[in-house]
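**Student:** What follows is a predicted structure for the sequence shown.
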Amino acid sequence: MRHGKKFNHLGRKTAHRKSMLSNMACSLIEHKRINTTVAKAKALRLFVEPILTKSKTDTTHNRRIAFRYLRDKQTVSELFNEVSVKIADRPGGYLRIIKLGNRLGDNADMAMVELVDYNELYNPNEGKKKKKTTRRSKKAATTEGEANDSEATSEEP
C-alpha cells in the first residue's frame, strides 16, 4: 500500500536525492533545457517550480530560501536577475516536460525538461502583440465600402 507516499524517492536516500535535484535544478536554470528520465523530470518539476515562484519577488529572504535549495551563488543570481524577469507575468507552469522515447542502454523513458519562456519554437508570438480585431457583419462592410467609394469619387473632381 502507498499510504502517505507523497513523492517519488527515486531509489535514493534523502541526502543523495536532495543533492541530485539541486544539481539538476542548477543545470536547468543555467542551460534552460536538460535531458533526464521521466521520473526525475517529474520530481524536478515539484522541486523547481516553488523556487521559481519565490524568485518573482526579489527580496533577501527569497534569495536565501532559493540558496537553501540550490546551494550555488551564480545560479541564484541568474535565477533572480534573468529568469524571474521572463516568468514575471506567468501564473505558474514554468517547466515543460517533453517525452523523448527510450534510452538505448537500459530502455529507460527519457524526457527533455525546459523552461517554457525560453523556447521560441513553441512560443513564436511571445514578443509580438496580437492586433485587436473586431467582427463585422457582411452587410455593414458592404455599405461602409460603398460609402467610402462614393466619398472618394466625389473628392477627385
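**Tutor:** Thanks, I have the structure now. Numbering: from 1, shown residues only.
**Student:** Pull the contacting residues for the residue nearest to the spatial centre of the chain.
**Tutor:** Central residue of the chain (CA atoms, centre = their mean): V116, 2.5 Å from the mean position. Listed by CB atoms under 8 Å, 6 or more residues apart in numbering, the contact partners of V116 are R90, G93, Y94, L95, R96, Y122, N123. The C-beta positions use only the backbone N, C-alpha and C, and glycine is treated the same way.
**Student:** now these: which count as buried?
**Tutor:** Y94, L95, R96 (16 or more other CB atoms under 10 Å).
**Student:** Let me know the closest of the residues you listed to S19.
**Tutor:** Taking CB to CB as the measure, S19 lies nearest L95 of the buried ones among the contacts of V116, at 19.8 Å.
**Student:** Which residue, other than its chain neighbours, is closest to that closest one?
**Tutor:** R45 (5.0 Å; CB to CB, 6 or more residues apart in numbering).
**Student:** sec struct for the one you found, please.
**Tutor:** Following DSSP: H, G, I helix; E, B strand; the rest coil, we place R45 in the helix state.
**Student:** isn't it right next to G93, touching?
**Tutor:** No: if you go by CB atoms under 8 Å, R45 and G93 don't touch, sitting 9.4 Å apart.
**Student:** wait, is E82 part of a helix?
**Tutor:** Yes: assessed by three-state DSSP, E82 belongs to a helix.
**Student:** Could you pull out the helices in this structure for me?
**Tutor:** For the chain, the helices defined by DSSP state H occupy 14-31, 38-54, 60-70, 73-78, 84-86, 138-155.
**Student:** Could you list the low-pLDDT ranges of this protein?
**Tutor:** 123-132, 140-157 (pLDDT under 70).
**Student:** quick one on the thing from earlier: same list, the buried ones among the contacts of V116, but as TSV with distance to T37 please.
**Tutor:** TSV is the format used below for the buried ones among the contacts of V116 (distance: CB to CB, whole Å):
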residue	distance to T37
Y94	20
L95	15
R96	16
